[in-house]
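# Pasting the sequence and the predicted coordinates here, then a few questions.
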Amino acid sequence: MTNLSFNKTSAHLHIRTSAHYLCVTMFTSFFQLYKQAYSGLSRNSWYLSIVMLINRSGTMVVPFMSIYCIRQLHFSIIEAGTIMSLFGVGSISGAFVGGKLTDKFGFYDLQVGALLSGGILFLILGYQHTFLTVSLGTFVLSFCNESFRPANSTAIAHYSTPENKTRSYSLNRLAINLGWAVGAGFGGLLASINYHLLFWVDGTTNILAALFLLRLMPRASIVNNIKKIEKGIVKVSAYKDRIYLAFILCSTLFAMCFFQFFIMEPVFYKIQWHFSERFIGFLMALNGILIGVVEMVLIHNLEGKRNGLIYIITGVLMGASGFVLLVFLPASTAAAIIIVLLMTFSEMLAMPFMNTFWISRSTDYNRGEYAALYTMSWSAAQVVAPIIGGLIIAYGGFSLLWWALCGLSVVAAGGYYLLFRFVKTG
């Protein structure tokens, strides 16, 4: 009997020891996985991401702009879609001008100026209440805001190496999405109290981001990244690169679909599924949290193993499946979370490798132009997506919109596949 008790005790100790060892091993492996994913990036890449985190932590106006226009300002759904489209028109103009100025003057001053002016304009926009003034304010704001993107993208490329360029952009996206998680989640709470607070927080964080950029990366310490074009060197224009233009067309189609996740899906959740602003904010925040936890490790394990276009195609098709589920799944918390998961993995697979593609086709002499055209493709989607989305909803309902977006996603995936057949990317 004593021997039996001793054997049982020994077995229990052995099991506990093995379990402890397994937990320690798993934790160590988990820690090493994250350490490897984040190692090797330059200090300035981290600084740029910190600035982006501060800026995006105040991202509250755009996710709730459609609901704000409809519920608070009592605009029609078509008027709300038009305002969001004007945001896109301003974005296209700002990206084009920002790309030109980046290649001519460098990326530093443009980032600071765009952040400061954008912050002030957010504060002003919060006091506009008529369709005309909100439309005009939205256009000017988006022009200034979007001129920041080509400069920022060029700065990230400048401080990255060929080996870590995708991860450098993923780090920046991590900052964007962590900020988005904070902004969208907190924004849902503020929107339930007073929509006007959204404009104050968004504007203030823009200004703080500019001040932190000046503090972390003083102007005197930044070497001008613009190199004079030497004789005999031909500057290839992004607007004449046919392969890149085909890529931009596919990216615009994908962006038109993806933007509905932030523009019309919140309206759908509110009107059709009757979710509260707080829960809608949670869904938007969940997107950012998942990206923050998963993307860097995912990219670290995928980068360089297959052609980047394969990951892009997979991501686009996952997004298409998410739109289909909006038609078939019943209104429930679980359904909404499943759809957010699909849309988030769609984003994580597609977007980092889209950045890798445009960088691979650019040089030091035209990187601002390539970055601008890529930014403009997303801005163009912002022009078209809300108008088309609003019209389809008004005349055919949300179900028709989700089917249309699914079909458009499949077309975009087919375009990327054709590019994959003819182009190899790193």
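Noted; the coordinates are in hand. Computed from a predicted structure; not experimentally measured. Residues are numbered from 1 along each chain as shown.
# tally of neighbours for residue 394?
Residues near residue 394, counting by other C-beta atoms under 10 Å, number 12. Where C-beta positions appear, they are placed from N, C-alpha and C, glycine not excepted.
# Could you look up the SS state of residue 151?
Using DSSP: H, G, I helix; E, B strand; the rest coil, the structure places residue 151 in helix.
# Next, find the distance separating it from residue 367.
Distance of residue 151 to residue 367, computed by C-beta to C-beta, to the nearest Å: 10 Å.
# Find residues that contact each of the two.
Residues touching both residue 151 and residue 367 by C-beta atoms under 8 Å, 6 or more residues apart in numbering: residue 102.
# And the helices in the stretch 1-150 of the chain, which stretches?
Remark: helices assigned in the stretch 1-150 of the chain by DSSP state H, counting those that start in this stretch are 2-38, 43-56, 61-67, 77-105, 108-125, 131-146, 148-158.
# Just send the ones you listed back as CSV, with distance to residue 340, mean pLDDT and mean neighbour count too.
As requested, the helices of the stretch 1-150 of the chain are exported to CSV (distance: least, C-beta to C-beta, whole Å; pLDDT from 0 to 100; neighbours: other C-beta atoms under 10 Å):
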stretch, distance to residue 340, mean pLDDT, mean neighbour count
helix 2-38, 23, 54, 10
helix 43-56, 18, 83, 21
helix 61-67, 13, 77, 22
helix 77-105, 21, 82, 22
helix 108-125, 26, 88, 21
helix 131-146, 25, 88, 20
helix 148-158, 25, 83, 26
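# how about JSON lines for those, with distance to residue 246 added?
Listed next are these as JSON lines, based on distance: least, C-beta to C-beta, whole Å:
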{"stretch": "helix 2-38", "distance to residue 246": "32"}
{"stretch": "helix 43-56", "distance to residue 246": "29"}
{"stretch": "helix 61-67", "distance to residue 246": "29"}
{"stretch": "helix 77-105", "distance to residue 246": "19"}
{"stretch": "helix 108-125", "distance to residue 246": "28"}
{"stretch": "helix 131-146", "distance to residue 246": "23"}
{"stretch": "helix 148-158", "distance to residue 246": "20"}
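# who wins for proximity to residue 336 among these?
helix 61-67 (15.0 Å; C-beta to C-beta).
# quick one: the closest one to chain centroid distance?
Centroid separation between helix 61-67 and its chain, computed with C-alpha atoms, centre = their mean, to the nearest Å, is 16 Å.
# Likewise for stretch 322-342?
Worked out by C-alpha atoms, centre = their mean, stretch 322-342 lies 21 Å from the chain centre.
# just stretch 403-417 next, same as before
For stretch 403-417 - counting by C-alpha atoms, centre = their mean - the centre lies 20 Å from the chain centre.
# do the same with stretch 247-256
That offset, for stretch 247-256, works out to 14 Å (C-alpha atoms, centre = their mean).
# Can you give me the buried ones in it?
247, 248, 250, 251, 252, 253, 254, 255, 256 (16 or more other C-beta atoms under 10 Å).
# ok, now how distant is the closest residue to residue 196 other than its chain neighbours from residue 367?
Nearest non-adjacent residue to residue 196, counting by C-beta to C-beta, 6 or more residues apart in numbering: residue 126, 5.4 Å away. Here residue 126 is placed at a distance of 35 Å from residue 367 (C-beta to C-beta).
# In terms of packing, which of these two has more residues around it?
Per other C-beta under 10 Å, whichever of residue 126 and residue 367 has more neighbours is residue 367, with 26 against 19.
# confidence score at the more buried one?
On pLDDT, residue 367 comes in at 79.
# rewinding a little: between the buried residues of stretch 247-256, which sits nearest residue 198?
Closest to residue 198, out of all of these and judged by C-beta to C-beta, is residue 255, at 23.7 Å.
# And the closest one, how close does it get to residue 133?
Counting by C-beta to C-beta, the gap from residue 255 to residue 133 is 28 Å.
# and if you look at residue 314?
Taking C-beta to C-beta, one finds residue 314 at 44 Å from residue 133.
# count of neighbours near residue 259?
Using other C-beta under 10 Å, residue 259 has 21 other residues around it.
# who's in contact with it?
Neighbours of residue 259 in contact, by C-beta under 8 Å, 6+ apart: 378, 381, 382, 385, 386.
# Could you tell me which of those residues are located in strands?
Judged by DSSP state E, strands contain none of the contacts of residue 259.
# okay if I get these as a markdown table plus neighbour count, distance to residue 310 and pLDDT?
A markdown table is the format used below for those (neighbours: other C-beta atoms under 10 Å; distance: C-beta to C-beta, whole Å; pLDDT from 0 to 100):
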| residue | neighbour count | distance to residue 310 | pLDDT |
| --- | --- | --- | --- |
| 378 | 24 | 22 | 83 |
| 381 | 23 | 23 | 83 |
| 382 | 26 | 27 | 74 |
| 385 | 26 | 26 | 83 |
| 386 | 28 | 31 | 78 |
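# which of these are the two that sit furthest away from each other?
Of all pairs in these, the most separated under C-beta to C-beta is 378 and 386 at 13.3 Å.
# got any ranges where the stretch 301-426 of the chain has weak pLDDT?
The stretch 301-426 of the chain contains residues with pLDDT under 70 at 424-426.
# What count of nearby residues applies to the nearest residue to residue 42 once chain neighbours are set aside?
Distances taken as C-beta to C-beta, 6+ apart place residue 159 nearest to residue 42, at 4.7 Å, with adjacent residues excluded. Counted with other C-beta under 10 Å, the neighbours of residue 159 add up to 19.
# Look up how far residue 276 lies from residue 159.
From residue 159 to residue 276 the distance is 42 Å (C-beta to C-beta).
# same deal with residue 240?
50 Å.
# Which one's more surrounded, these two?
Between residue 240 and residue 276, counted using other C-beta under 10 Å, the more crowded position is residue 276 (13 against 8).
# Assess the claim that the more buried one and residue 191 are in contact.
No - between residue 276 and residue 191 there is no contact under C-beta atoms under 8 Å: 9.9 Å.
# Looking at the chain, which helix is longest?
Criterion DSSP state H: the longest helix present in the chain is helix 367-422.
# so who does the closest residue in space to residue 70 that isn't next to it in sequence touch?
If the residues on either side of it in the chain are set aside, residue 70 comes closest to residue 80, at 5.2 Å by C-beta to C-beta, 6+ apart. Residues near residue 80 by C-beta under 8 Å, 6+ apart: 65, 66, 69, 70, 386, 390.
# run the last query once more with 7 Å
Each residue near residue 80 by C-beta atoms under 7 Å, 6 or more residues apart in numbering is listed here: 66, 69, 70.
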